[in-house]
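Undergrad: coords below, sequence missing:
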């Protein structure tokens, strides 16, 4: 049962870890972080990693030590955890709405450099009221929907209009544009951003920051003219979805779930002790729920909460009951959110235990 | 940010709850629990509720107080939490494999009445070795695959053979048969169980307990001849999947996620602050990820981790930015696992805060 004693003294060997366990290959993490920072440096882009993938303050500090300008959080609760851990420059890429959250935002802005986003006058006005009451000035980016169809203003002209509104509101400073682009949409994003920059210029508004995000198209971030920073998240761990998209190799996947085979109900099926409570039910457009490192031809064809159902190909033995397997999940971020602890592996040993401190910070 | 102070002193009003928040209608919980216990009593079935749905010791105690014979847990870690909270009769419906877990099982069996399952000789032999070493005798049920195709022996004859093996192993006592039946499979389950009972009888093995499970077919549990106990889980809360199957009405759904609209990027779309981190990405064969109580014609057509995407029907206004909505999720159990706290509501007020103590007990 995970507790603080366990967190302080990890089992020395991987075999001593009980399953399912979230394990992290620390050498791969370091390699993934460095490769991305080198790319950003080579192209003069500020890196502002999204910590939603790992939710671990130690990794956020490592990202900053390697050269990241600051970090990105999706939720205020994540930002609070990171600020508590000493991270001093945080972008929250989420509309902050409602009195309780605005009060927390003001408290956070008093103790570190916070910037956030808005995609409507309503959100901007809420931010302004809270900042005026607190006697603070908050840098705000306009969230732009460049094709992902989630949040964001719908057109470049609407972006400029909201920028002007923000610029006019006391307690706020218009900082620039932010987008979470659709995968594969680099050309469309370029056109969108160019038009928005022109529309801002036409209104006499300086755009200091243009922030893009995402790991799949990470190495094309510099192709969007005007982008000044990038916010990749998953690059620290990678996952099966990124392998499927050709963005990385299995050897770049740093996060896995160690699981035990608990049943072999038929020659073509094996049941592992990791289900959707450990791997999540995210399919991400893929078939199956994970990649079994030791049995790459096996498929994780179904999950229930505590069971993973493996199909063993005809003519192969598959794992025996009690055998351990390593599962690379479809989507690393959601897996981090399901576990209290991550075990950092190096050289075949458990080097240390990390509390996933920002797990479950849904607010 | 949830902490123990918050847990001790819940906000007095629902409006004071920050979002997303897991809220529980306590009157509906009580009604759901009583209805099911009444059914079990009327048919002479022992009720052994599965606590995976709520993971809250106070609710387990309430189930026992209303007449449940004991509880069911899926994972050893859940059973440890419930035993810590004073629950004294626990069935673990999961193959317990590996030295670390077997040691924990023995420790648990020393302090309360524990029974578990096996679907293979390997699992039974592991249990036997651990119990012999601990000087204990463990009641064990044979898990039977009556059609759900997860764990379980494949045929009635295999069930009897494993029962005989368990009966022969020191440290174990053969207790009976256990199945998690496929939804809608009552007739097939009946035939399977009848054949297994006959096969056990032919070997001279007494079958003390026949345990079935699941909420969707709950009210048909008595139709399977020989069943002595039932293990429903979701019935305490119900959810959108059970409404879709006609097993309950919206008014029976006791668990919901309170969410705030943070963006209206288009007239036909609204974004709420509850995504897969709050609702899970479980589809359960349904379209969409939840039911919006205040806007029943709206669909939750997509989720990312922190965003829920609502489609607003043409010709309707939909909610404004800052408005709160109540989301009944597809699958209640996984939602419990994503939250640290649940807020119990009664009479329009927050009556108390429950720590979801067995959340995240994946091991």
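TA: Structure's in. What do you need? Please read these numbers as outputs of a predicted model, since none were measured by experiment.
Undergrad: pLDDT value on residue A:41, please?
TA: pLDDT, residue A:41: 97.
Undergrad: Would you check that it makes contact with residue A:67?
TA: Yes: at 6.4 Å, residue A:41 counts as touching residue A:67 under the criterion of CB atoms under 8 Å. For every residue, glycine as well, the C-beta is placed using N, CA and C.
Undergrad: can you confirm residue A:176 is in a strand?
TA: Yes: read with DSSP: H, G, I helix; E, B strand; the rest coil, residue A:176 is one of the residues of a strand.
Undergrad: quick one: contacts for it?
TA: Contact analysis of residue A:176 by CB atoms under 8 Å, 6 or more residues apart in numbering or on different chains lists A:141-142, A:207-211, A:228.
Undergrad: got the phi/psi numbers for the residue lying closest to residue A:165 once chain neighbours are set aside?
TA: Excluding its sequence neighbours, the residue lying closest to residue A:165 (CB to CB, 6 or more residues apart in numbering or on different chains) is residue A:121, at 5.4 Å. For residue A:121, the backbone dihedrals are phi -60, psi -40 (criterion: degrees, to the nearest 10).
Undergrad: longest strand in chain A, by residue count?
TA: Ranked by residue count, the top strand of chain A under DSSP state E comes out as strand A:255-266.
Undergrad: helices and strands around that strand, which ones?
TA: strand A:21-25, strand A:269-272, helix A:276-279, strand A:324-329, helix A:332-338 (3 or more CB pairs under 8 Å, 6 or more residues apart in numbering or on different chains; DSSP states H and E).
Undergrad: Please identify which of these is closest to residue A:135.
TA: Set against residue A:135 and scored by CB to CB, these come closest in helix A:332-338, at 35.2 Å.
Undergrad: Quick check: what element follows that closest one along the chain?
TA: Sequence-wise, the next helix or strand downstream of helix A:332-338 (DSSP states H and E) is strand A:341-346.
Undergrad: so where's the stretch 251-363 of chain A shaky on pLDDT?
TA: Within the stretch 251-363 of chain A, no range satisfies pLDDT under 70.
Undergrad: mind redoing it with 90?
TA: The model of the stretch 251-363 of chain A has pLDDT under 90 over residues A:284.
Undergrad: And the stretch 51-200 of chain A, by the same measure?
TA: Ranges of the stretch 51-200 of chain A meeting pLDDT under 90: A:182-187.
Undergrad: Start from the N-terminal end of it and give the helices.
TA: A:57-65, A:76-84, A:99-111, A:121-134, A:156-168, A:186-202 (DSSP state H, counting those that start in this stretch).
Undergrad: if you compare the ones you listed, which one is most tucked away?
TA: Mean neighbour count, computed with mean count of other CB atoms under 10 Å in any protein chain shown, is highest for helix A:76-84 among the helices of the stretch 51-200 of chain A, reaching a mean of 23.
Undergrad: Centre of the chain to that one, how far?
TA: Distance of helix A:76-84 from its chain centroid, counting by CA atoms, centre = their mean, to the nearest Å, is 14 Å.
Undergrad: Which elements pack onto that helix?
TA: helix A:57-65, strand A:71-73, strand A:89-92, helix A:99-111.
Undergrad: If we use 6 Å, what do you get?
TA: helix A:99-111 (3 or more CB pairs under 6 Å, 6 or more residues apart in numbering or on different chains; DSSP states H and E).
Undergrad: and the residue located most distally from the centre of chain A, how far is that from chain B?
TA: Each residue of chain A has a distance to the centre, and by CA atoms, centre = their mean the biggest one is for residue A:315: 39.5 Å. According to CB to the nearest CB, to the nearest Å, residue A:315 stands 20 Å off from chain B.
Undergrad: The host helix or strand of residue A:41: which residues count as buried?
TA: Using DSSP H and E, residue A:41 sits within helix A:26-42. The neighbour-count check on helix A:26-42 (16 or more other CB atoms under 10 Å in any protein chain shown) flags A:26, A:28-29, A:32-33, A:36-37, A:39-40 as buried.
Undergrad: which parts of the stretch 201-350 of chain A sit against chain B?
TA: Contact residues (CB under 6 Å from any CB of the partner chain) of the stretch 201-350 of chain A with chain B: A:260, A:262-263, A:265, A:271, A:277-278, A:281-282, A:306-307, A:321-322, A:337, A:340.
Undergrad: what about burial for those residues, which qualify?
TA: For those, a burial check counting by 16+ other CB under 10 Å picks out A:260, A:262-263, A:265, A:271, A:277-278, A:281-282, A:306-307, A:321, A:337, A:340.
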